[in-house]
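>>> From the sequence below, what's the structure:
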Amino acid sequence: MTAHPPAAARRGRGRSRRVVAPFTAVSVLVAGAALAGCGQQRDADTYTVMNSSTDESYHRWDAEAMARCGKELGVTIEQQSVPAAQVMTKALRMASSKSLPDIVQFDASEMPTFADAGGLVDLRTLGLSTDDIPDGIVDFGSYKGTYYGAARSVNTLALFYNKDVLDQAGVEVPTTWAELRATAQKLTRGKQYGLALSAGGAEDGVFQFTPFMWSNGGDETDLDGPKVVEALDYWKDLLKDRSLSKSTVNWTQADVNDQFMAGNAAMMINGPWQVETLNSDTSLHWGIAPIPVPRAGDDSVGPLGGAVLTVPNTGDEAREKTAGKIVACLASEKEQLTYALNSWMVPANAKAAAVWREKVPELDSLADQVAVARSRTAKLGAGWSSVSLALQSAFQSALTGQSSETALKRAQQRATSGN
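Sure, this is the predicted structure:
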């Protein structure tokens with residue numbers, strides 16, 4: 001939905017669709033592993049971190065950070081990277097064979113599933129402090145009030161726009177839904193669409209829908225409520241205007257970025273993980289702004305995205321304590337700032353974030369969006385996966401002809417039943 005970008009693509013690459021494991025299966029496998037303890041002999045001074053840093057840049061940045069922390073703590077830290085869509089299933093297999101790594105970096109939307117099954121250790125009991133972390137980001141790494149996941153950086157979505165295209169058309173950056181619709185219509189010409197976004201049948205699409213749902217007062221606990229219907233109808237209006245490509249129902253966030261960079265979209269909804277790729281084209285002059293809101297004065301409430309470092313409950317308290325120290329080092333103010341400047345994400349630590357704003361002022365509005373962003377799992381915890389799958393199906397139905405009300409009514413039924 002990912003270890004670094006949420007539900008998203010790193011450096012322009014699409015994210016695979018996640019395989020959502022049945023919650024009961026997770027509970028059995030994880031609980032069994034926790035009760036039985038660690039089933040393999042391990043080198044006392046070697047610790048393993050499993051993440052999804054398969055991209056060369058992210059893998060290198062993580063390796064460098066682990067080397068620094070390993071030197072500081074007097075241990076060796078090995079990195080095991082698997083594709084983002086496979087982190088949960090890989091962790092489950094390792095739990096069943098009692099071979100869990102010392103640290104697992106989960107996408108924050110997946111962490112509650114492992115935590116609910118008793119598979120994670122409370123980081124506060126391992127000495128980690130949350131004093132300099134904003135409450136919303138503490139909640140992002142928590143489940144039922146217990147702090148299980150330390151975020152090094154967080155992110156959210158914003159409106160990216162082609163400065164040259166908007167200037168030539170003589171239009172301002174839109175701030176409301178009405179302005180966005182009018183501007184997108186005006187910028188739609190020839191092969192260029194006014195706006196690109198992801199409405200695909202995967203977590204990318206759900207991630208991109210939440211700013212429209214939440215800013216309009218909609219709620220994931222009431223998918224067929226009028227405010228959610230209005231938000232999906234707004235997407236349908238953009239499609240009806242031809243401001244969106246019909247292919248939007250198939251696009252990942254990486255595809256959206258490709259369209260924007262190719263000049264096929266004047267604006268796009270996307271995240272900071274695309275900045276490195278955007279900056280690779282020096283002829284592209286882009287800007288960033290908050291996602292437009294339904295009415296002037298409304299808050300632009302986006303999804304808080306990113307990953308959290310967790311310590312699995314293996315029963316080996318000594319190793320868990322050292323793993324906690326590794327997490328604390330990787331999530332320290334200094335390491336967060338280094339990581340965020342590399343990845344264009346926003347540091348989770350408030351002090352590091354203040355320095356980050358000064359160093360990358362062009363992304364200052366993104367930090368403002370993060371300040372009011374919400375965690376997808378804050379209300380539903382492990383139940384988010386059912387809602388996500390239900391919404392994915394609703395997008396496909398509504399954007400290809402079915403009414404939003406009918407599609408979302410079915411989505412609510414699916415989310416409630418788990419089918």
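
>>> Give me the buried positions along stretch 325-345.
By neighbour count on 16 or more other CB atoms under 10 Å, the buried set for stretch 325-345 is 325-333, 335-345. Every residue, glycine included, has its C-beta placed from N, CA and C.

>>> Let's see which of the residues you listed end up in helices.
325-330, 333, 335-343 (DSSP state H).

>>> For D107, state which of those residues is nearest.
Using CB to CB, S343 comes nearest to D107 of those, at 15.0 Å.

>>> could you pull out the helices for the stretch 51-200 of the chain?
Assigned by DSSP state H, counting those that start in this stretch, the stretch 51-200 of the chain shows helices spanning 56-73, 87-96, 111-116, 135-140, 163-169, 177-187.

>>> tell me the most buried of those helices?
Of all the helices of the stretch 51-200 of the chain, helix 111-116 carries the top mean neighbour count, a mean of 25, counting by mean count of other CB atoms under 10 Å.

>>> Give me the distance from that helix to the chain's centre.
16 Å (CA atoms, centre = their mean, to the nearest Å).

>>> Show me the shaky parts of the stretch 101-250 of the chain.
Scanning the stretch 101-250 of the chain for pLDDT under 70 picks out nothing.

>>> all strands for it, in order.
Remark: strands assigned in the stretch 101-250 of the chain by DSSP state E, counting those that start in this stretch are 103-107, 142-143, 146-147, 153-155, 158-162, 193-196.

>>> And the helices in the stretch 301-419 of the chain?
Using DSSP H, counting those that start in this stretch, helices in the stretch 301-419 of the chain cover 317-330, 333-343, 350-359, 364-372, 384-398, 404-417.

>>> Next, format these as a markdown table and append distance to N250.
Formatted as a markdown table, the helices of the stretch 301-419 of the chain follow (distance: least, CB to CB, whole Å):
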| stretch | distance to N250 |
| --- | --- |
| helix 317-330 | 36 |
| helix 333-343 | 27 |
| helix 350-359 | 34 |
| helix 364-372 | 26 |
| helix 384-398 | 9 |
| helix 404-417 | 17 |
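
>>> and those, which one's lowest on average pLDDT?
Ranked by mean pLDDT, the helices of the stretch 301-419 of the chain bottom out at helix 364-372, with a mean of 84.

>>> Can you give me the distance of P361 to V327?
Separation of P361 from V327 (CB to CB, to the nearest Å) stands at 30 Å.

>>> quick one, which of the strands of the stretch 101-250 of the chain is nearest to K236?
Judging the strands of the stretch 101-250 of the chain by CB to CB, what sits closest to K236 is strand 193-196, at 13.4 Å.

>>> Indicate each strand paired with that closest one and its parallel or antiparallel sense.
Partner strands and pairing direction for strand 193-196 (DSSP bridges) are strand 265-270 (parallel).

>>> after the partner strand, next one along is what?
helix 275-278 (DSSP states H and E).

>>> So what touches that next one?
Under the contact criterion CB atoms under 8 Å, 6 or more residues apart in numbering, helix 275-278 has outside partners 11-12, 57, 160, 257, 260-261, 284, 286, 343-344, 363.

>>> And for stretch 376-383?
23, 108-109, 111-113, 115-116, 139-140, 143-144, 206-207, 210, 219-221, 303-304, 384, 387-388, 415.

>>> chain center to that stretch, what's the gap?
How far stretch 376-383 lies from its chain's middle: 14 Å, per CA atoms, centre = their mean.

>>> gap between the two ends of it?
Stretch 376-383 stretches 10 Å from its first residue to its last (CA to CA, to the nearest Å).

>>> Show me which positions of it end up buried.
So, applying 16+ other CB under 10 Å, buried residues of stretch 376-383: 376-378, 380-383.

>>> try stretch 406-419
Buried-residue list, stretch 406-419, by 16+ other CB under 10 Å: 407-408, 410-412, 414-415.

>>> and it, how far from the chain's centre?
23 Å.

>>> right, and the helices of the stretch 301-419 of the chain - which one's nearest M268?
The nearest among the helices of the stretch 301-419 of the chain, by CB to CB, is helix 364-372 at 14.1 Å.

>>> how far off strand 158-162 does the closest one point, in degrees?
160 degrees (axes from the mean of the first three to the mean of the last three CA atoms, to 10 degrees).

>>> Now tell me what touches helix 364-372 from outside.
Outside helix 364-372, the residues that touch it by CB under 8 Å, 6+ apart are 134, 136, 154-158, 272, 288-291, 299-302, 304, 346, 353, 356-357.

>>> what's across from the closest residue in space to E362 that isn't next to it in sequence in the sheet?
Closest residue in space to E362, ignoring its immediate chain neighbours: I288 at 7.1 Å, by CB to CB, 6 or more residues apart in numbering. Using DSSP bridges, the bridge partners assigned to I288 are F160.

>>> Run a quick neighbour tally on I288.
When neighbours are defined as other CB atoms under 10 Å, I288 has 19 of them.

>>> which residues sit in contact with it?
Taking CB under 8 Å, 6+ apart as the test, what I288 contacts is 158-161, 362-363, 365-366.

>>> distance of it from F106?
Going from I288 to F106 by CB to CB gives 28 Å.

>>> try S393
For S393 relative to F106 (CB to CB), the value is 24 Å.

>>> More neighbours: these two, which one.
Neighbours were counted for S393 and for F106 using other CB under 10 Å; F106 has more, 27 against 15.

>>> so A266 makes contact with D164?
No: between A266 and D164 there is no contact, the gap being 9.5 Å when judged by CB atoms under 8 Å.

>>> how near is the residue lying closest to D241 once chain neighbours are set aside to N162?
Leaving out its chain neighbours, the residue that sits closest to D241 by CB to CB, 6+ apart is Q185, at 5.3 Å. Note on Q185: its distance to N162, by CB to CB, is 16 Å.

>>> do G127 as well
When distance is defined by CB to CB, G127 is 48 Å away from N162.
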